[in-house]
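For reference, the sequence and a predicted model appear below.
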Amino acid sequence: MRDSADDHVATWAAELDWLDPVREAIIVRLTILNRHLTQARRAALAAGGLERWQFKILLGLRRGGPPYEASPSDLADRLGLTRGALSARLRPLEAAGLIERSGETEDRRRVRVRLTDAGYAAFERHAGRESRDEAALLATLTPAEQQTLADLLRTLVRGTEV
């Protein structure tokens, strides 16, 4: 059964004698899937009323495990942000009740950022939507095919992480 990548490859293979059609088909299909996942994630964020940067901060706190808190400097490092950029992003999340900042009891100068119950719930709603979208995307593959694809993609990713 043909897909849009087959048409793309056929067009360019006729024009470019140096084109590797297998490689081109792989790259085009990965690009199509990336575009699909990006659009699905944007839709899931919009449905949940979150911006991508907001979700990334909730994710950064959640990734740390219970009690879902971190110092601002640790959180900035996890997210690849400067301390100033993180601080500006925390204010609206705090105002929305998704996180809270509090001083440590021993040293009030040290601040902790903590995921609130509302922030935890917002993360769960969004992550659940993403999971359902991803499951729907992969539903055309059998579990064995999904494992094979995961293994092949791991090999590709490991090759880029050398």
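On my side now, so go ahead.

In this protein, mark out all the strands, start to finish.
Per DSSP state E, the chain carries strands over the ranges 69-70, 99-103, 111-115.

The ones you listed: lowest mean pLDDT?
Among the strands of the chain, strand 99-103 has the lowest mean pLDDT, at a mean of 89.

which residues sit against that one?
57-58, 61, 72, 90, 93-94, 109-116, 119 (C-beta atoms under 8 Å, 6 or more residues apart in numbering). Just so you know, the C-beta spots here come from the backbone N, C-alpha and C atoms, and that holds for glycine as well.

ok so, going back, need the strands of the chain in CSV (columns: mean neighbour count and distance to Glu161).
CSV is the format used below for the strands of the chain (neighbours: other C-beta atoms under 10 Å; distance: least, C-beta to C-beta, whole Å):
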stretch, mean neighbour count, distance to Glu161
strand 69-70, 19, 25
strand 99-103, 16, 31
strand 111-115, 19, 29
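
Quick check: bridge partners of Arg112?
Taking DSSP bridges as the rule, Arg112 bridges to Ser102.

returning to that earlier point: would TSV of the strands of the chain with distance to Gly80 be doable?
Formatted as TSV, the strands of the chain follow (distance: least, C-beta to C-beta, whole Å):
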stretch	distance to Gly80
strand 69-70	14
strand 99-103	18
strand 111-115	16
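
helices and strands of this structure: which one has the lowest mean pLDDT?
Every helix and strand of the chain was ranked by mean pLDDT, DSSP states H and E. The lowest is strand 99-103, at a mean of 89.

rewinding a little: out of the contacts of strand 99-103, which two sit at the greatest distance?
Greatest spacing in the contacts of strand 99-103, by C-beta to C-beta: Leu58 and Arg109 (25.4 Å).

Longest helix in the protein, please.
Criterion DSSP state H: the longest helix present in the chain is helix 21-48.

ok so, going back, looking at Leu58 and Arg109, which has the bigger crowd around it?
Leu58 (23 against 6; other C-beta atoms under 10 Å).

How about the more buried one: what's its closest non-neighbour residue?
Excluding its sequence neighbours, the residue lying closest to Leu58 (C-beta to C-beta, 6 or more residues apart in numbering) is Phe123, at 4.4 Å.

Appreciated, that's everything.
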